[in-house]
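J.: Predicted coordinates and the sequence they were generated for:
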Amino acid sequence: MPDYIYLLENRLSPAQQNALRQVRDAARDAGMTLFLAGGAVRDLTSGFPVRDLDFSVQGNALKLKKQLEKAGAVFWGDHEPSRTLFFWFPGSVRVEVSSARREEYPKPGKPVYHWAPILEDLRRRDFTANAMAISLNEGSWGLLLDPLNGFADIEARHLRLASNYGFIEDPSRMIRAVRLSARTGWQMDERTKIRYDNAKAEGLMEQLSAYARGYELEEIAHEEDPLRTLRALEAEGWMKDLDPHWTSAKADTKGLDELNKIFIRLLMLGVNPDPSAAHLELLTAKMQPKDVANLKRLFPRRGFVEQWNHLEQSAKDFSKELLSKAAATPSATWKLLVSYQAEAVLWLAYSSKNPQVKEKFNNFFNVWPEARQKIPTTIMAEMRITPELPDYGSIAEALFFQFMDGKLQTEEELRAYLAPFSPPAPPPPVVIRRPRGRRAEIKIEEDEEVELPVRNGDDDAESEDEREPLHLGSSLLGDSVPLPPKKGAAPAPAKAEPAPPVKATKAAAPPPASPKGVPANPAKTAKGVTPLPTTPKLGPAAPVKAVKGAAPPPVPAKSAPAKTAKESPRPGVASKTAPKTPEKPKVPAKAPAKAAAKPEPKAVAAKTRAPEKKAGKPSPKPAPKPKSVAKKQPAAPARKTAAKPSPKPDKKKPAKPSKPDKKKKKKKR
């Protein structure tokens, strides 16, 4: 179902919309309800051009005559029995206003009118496609009234009678059926066709009234292709009943074709003439003047007859104005052609023999429209003259006339002409920038730092000595080696006697720390080896807090065992070495460190300390866990507590002995 509000706003021309507003205002002031009905609704629904506007009011339509004339409408005629008014509005708009009624036919062709509501008015019409109406009243604007389902017949492209006795009651409906079929190509449905043939066979056309005869003859001229309609009526034999003197043989067929071409070109340029009077002039070109006069007397719209009579004179008057000094320039001629009475323009363009008039029409059709292509939309956009401006249409039209007259040849002239129309530049957009917040600085507290001890080698990782009780300052040589003081650590205890070298066992569990001054395992000490006193018990080391995101402590590489100053009396024990450990990064092994009686200096971070050579039986203290060399990272000082036991060391394979160890073993053996 189409949206009829949209159709009313977009399918009607501006002149037709203006006429609709005028009639609506007049009906509202008179207190009448108004409806758009008949052929206008049919054409809106089917998509055909709207040729005229038919209005129905619930009331006496004759009372609207004076008010519509004041609004600018030209009165063309009326039919008092049916309370019908005919008007011609500016812009070549034909309007018919009638009262809603119900018809009775005591005899064929002789109706009796009864004023009724709009629904009864729709049911008394000829075909269902014409029995539709659109409300133009407040509160129901755009509402479709279709009591006979004419919309379905329009979709089916059928002409169906609104009443089974339609052709018998009003024989003019048979003429209307032929005319609509010739215009739209629709066919009568089966039942309607049977009733049409029966009424035609009975000769009911003889009962046609004079008003209906003149109305149907005039409607031939209002058709888009009147010659085709005239021939269709002749084929059915209805022209003998309407007017036997008017036939298609009396028409100027070539002239009608030429007139239709000019009419289409005028429509493309914005000129909307009503070609009905010109059609009649060519359709009756070969008829006798007497027969033409009799035909004019039959037409119910007397205003249309006057327009036909003054068609030639109006064309002559327009020719004088077209050749005057006021229309010397192309732009002035253009403005005159689009603003003058369109019917006179159409007839002069067809009938004039004057070379100057023909030249101006040729320029109007072919030459001057090309100036519209020169409108510099790019430059206009640069100067902020866009279609969004309310005056954009008038600015473009003014440029069109300037180019038509041969002006504004350079870009400088063009910009100077457009400068007054250019709106001011908009202010720069206000950008509210949020202040960028400072990045949060990662603050590491001192107690969270991991400080890795430095060994004689490349081992900078976390040491196991920080996790369990340490014998500070002990070495295989019996001399104390001072360790670098840790940040925030307590002062180092007094030096103790160095512990005897121990043999590391594979995956040995760390035994509990021995008491102060007592050997860790006196029962298993080597024969002839005097156990050395151990360092005071400092308690197990607290687990080291690693910095979040720090790399895991590396595993130390191979390093040579330290060379002892005095060999053990048991060479077999001295030859034993620690089990092998997997190595990750390969670091060149350092030479074995020589024994020295004096304490060694602090080790440099770049160098590594060789693991101690174990001798004798295993000591209660496990061997320190070897780690690989990695990037130096400060280690947090470990807080030592005596309450918690030391954690178990990670079960990893001990480091493999280096090649120099094997050579030493052979020498010792």
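T.: Now that the structure is in, tell me what you want to look at. Residues are numbered from 1 along each chain as shown.
J.: drop to CA atoms for contacts and neighbour counts, all remaining ones
T.: Will do.
J.: the bottom helix or strand of the protein by mean pLDDT?
T.: helix 571-574 (a mean of 41; mean pLDDT, DSSP states H and E).
J.: pLDDT weak spots in this structure?
T.: For the chain, the stretches flagged by pLDDT under 70 are 1, 437-669.
J.: Let me see the domain layout of it.
T.: 1-152, 157-246, 252-285+310-369, 375-421 (automatic domain parsing).
J.: Those domains into TSV, with extra columns for distance to residue 300 and mean neighbour count?
T.: Output for the domains of the chain, formatted as TSV (distance: least, CA to CA, whole Å; neighbours: other CA atoms under 10 Å):
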stretch	distance to residue 300	mean neighbour count
domain 1-152	7	18
domain 157-246	6	18
domain 252-285+310-369	14	17
domain 375-421	42	14
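J.: Let's have those in JSON lines, adding distance to residue 428.
T.: Below are the domains of the chain laid out as JSON lines (distance: least, CA to CA, whole Å):
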{"stretch": "domain 1-152", "distance to residue 428": "39"}
{"stretch": "domain 157-246", "distance to residue 428": "57"}
{"stretch": "domain 252-285+310-369", "distance to residue 428": "40"}
{"stretch": "domain 375-421", "distance to residue 428": "15"}
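J.: what's the closest of these to residue 298?
T.: domain 157-246 (4.5 Å; CA to CA).
J.: just to revisit the earlier point, for residue 434, find the nearest of the domains of the chain.
T.: Taking the domains of the chain one by one with CA to CA, domain 375-421 is closest: 31.5 Å.
J.: Contacts for the helix or strand encompassing residue 104 next, please.
T.: Per DSSP states H and E: residue 104 is located in strand 101-107. Contact with strand 101-107 is made by 111, 112, 113, 114, 115, 116, 117, 118, 120, 121, 124, 169, as judged by CA atoms under 8 Å, 6 or more residues apart in numbering.
J.: Select from these every entry located in strands.
T.: 111, 112, 113, 114, 115 (DSSP state E).
J.: Need those in TSV (columns: distance to residue 365).
T.: Listed next are the ones in strands among the contacts of strand 101-107 as TSV, based on distance: CA to CA, whole Å:
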residue	distance to residue 365
111	50
112	52
113	50
114	52
115	51
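J.: And the strands in this structure?
T.: All strands of the chain, identified by DSSP E, fall at 34-37, 53-57, 74-79, 84-89, 93-99, 101-107, 110-115, 133-135, 144-145, 158-159, 187-188.
J.: Distance to residue 272 added to the ones you listed, as TSV?
T.: Output for the strands of the chain, formatted as TSV (distance: least, CA to CA, whole Å):
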stretch	distance to residue 272
strand 34-37	22
strand 53-57	16
strand 74-79	17
strand 84-89	13
strand 93-99	9
strand 101-107	33
strand 110-115	36
strand 133-135	25
strand 144-145	28
strand 158-159	30
strand 187-188	30
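J.: can you tell which of these is closest to residue 271?
T.: strand 93-99 (12.8 Å).
J.: quick one, that closest one and strand 84-89 angle?
T.: Strand 93-99 and strand 84-89 meet at an angle of 160 degrees, taking axes from the mean of the first three to the mean of the last three CA atoms, to 10 degrees as the criterion.
J.: so what secondary structure elements neighbour strand 93-99?
T.: With contacts taken as 3 or more CA pairs under 8 Å, 6 or more residues apart in numbering; DSSP states H and E, strand 93-99 sits against helix 14-29, strand 53-57, strand 84-89.
J.: Hmm, residue 209 and residue 110 touching each other?
T.: Yes. Residue 110 lies in contact with residue 209 (CA atoms under 8 Å); the separation is 7.3 Å.
J.: Tell me the spacing between the residue lying closest to residue 350 once chain neighbours are set aside and residue 200.
T.: Sequence neighbours aside, residue 259 is the residue nearest to residue 350 in space, at 6.2 Å (criterion: CA to CA, 6 or more residues apart in numbering). Distance of residue 259 to residue 200, given as CA to CA, to the nearest Å: 35 Å.
J.: Keeping just the C-alphas, turn stretch 49-57 into PDB.
T.: Provided in PDB are the C-alpha atoms of stretch 49-57 (Å, rounded to 0.1, in the frame of the first residue of the first chain):
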ATOM      1  CA  PRO A  49       1.000  11.500 -14.700                       C
ATOM      2  CA  VAL A  50      -1.700  13.400 -12.800                       C
ATOM      3  CA  ARG A  51      -3.600  15.300 -15.600                       C
ATOM      4  CA  ASP A  52      -6.200  17.100 -13.500                       C
ATOM      5  CA  LEU A  53      -7.500  17.300  -9.900                       C
ATOM      6  CA  ASP A  54     -11.000  16.100  -9.000                       C
ATOM      7  CA  PHE A  55     -12.300  17.200  -5.600                       C
ATOM      8  CA  SER A  56     -15.500  16.000  -3.800                       C
ATOM      9  CA  VAL A  57     -16.900  18.000  -0.900                       C
END
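J.: Reformat the contacts of strand 101-107 as TSV; add distance to residue 186.
T.: Shown next, in TSV, are the contacts of strand 101-107 (distance: CA to CA, whole Å):
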residue	distance to residue 186
111	28
112	30
113	30
114	32
115	32
116	30
117	30
118	26
120	26
121	24
124	21
169	23
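J.: and which of those residues is nearest to residue 21?
T.: residue 118 (20.0 Å).
J.: contacting residues for the residue lying closest to the closest one once chain neighbours are set aside?
T.: Ranked by CA to CA, 6+ apart and with sequence neighbours excluded, the top spatial neighbour of residue 118 is residue 100, at 5.6 Å. Residues near residue 100 by CA under 8 Å, 6+ apart: 56, 57, 58, 59, 115, 116, 117, 118, 120, 121.
J.: do the same with residue 374
T.: Counted by CA under 8 Å, 6+ apart, residue 374 has contacts 400, 403.
J.: Make residue 1 into 38 and carry on from there
T.: Shifting the count to begin at 38 puts that one at residue 411.
J.: Next, work out how far apart it and residue 317 are.
T.: For residue 411 relative to residue 317 (CA to CA), the value is 41 Å.
J.: Wait, residue 312 touches residue 381, no?
T.: No. Using CA under 8 Å, residue 312 is not in contact with residue 381; the gap is 9.9 Å.
J.: So residue 440 sits against residue 406, correct?
T.: No. At 10.3 Å, residue 440 does not count as touching residue 406 under the criterion of CA under 8 Å.
J.: rewinding a little: between the contacts of strand 138-144, which is nearest residue 46?
T.: residue 155 (23.1 Å).
J.: any idea what sits nearest residue 104, other than its immediate chain neighbours?
T.: residue 63 (6.4 Å).
J.: who's in contact with the one you found?
T.: 101, 104, 105.
J.: any idea how far residue 88 is from it?
T.: For residue 63, the distance to residue 88 - CA to CA - is 22 Å.
J.: repeat for residue 455
T.: 41 Å.
J.: Residue 471 - how many residues pack around it?
T.: 6 (other CA atoms under 10 Å).
J.: Next one: it from residue 464, what distance?
T.: Counting by CA to CA, the gap from residue 471 to residue 464 is 21 Å.
J.: Stretch 278-285: end-to-end distance?
T.: 15 Å.
J.: can you check stretch 441-457 too?
T.: Distance across stretch 441-457, first residue to last, is 21 Å (CA to CA).
J.: same deal with stretch 102-121?
T.: So stretch 102-121: terminal residues 10 Å apart, CA to CA.
J.: Please list the residues outside that stretch that contact it.
T.: In contact with stretch 102-121 (CA under 8 Å, 6+ apart) are residues 59-60, 63, 97-99, 122-127, 133-136, 150, 337-341.
J.: Show the contacting residues for residue 178.
T.: Contacts of residue 178 (CA under 8 Å, 6+ apart): 42, 171, 172.
J.: so the last one makes contact with residue 179?
T.: Yes. Counting by CA under 8 Å, a contact exists between residue 172 and residue 179, whose distance comes to 5.5 Å.
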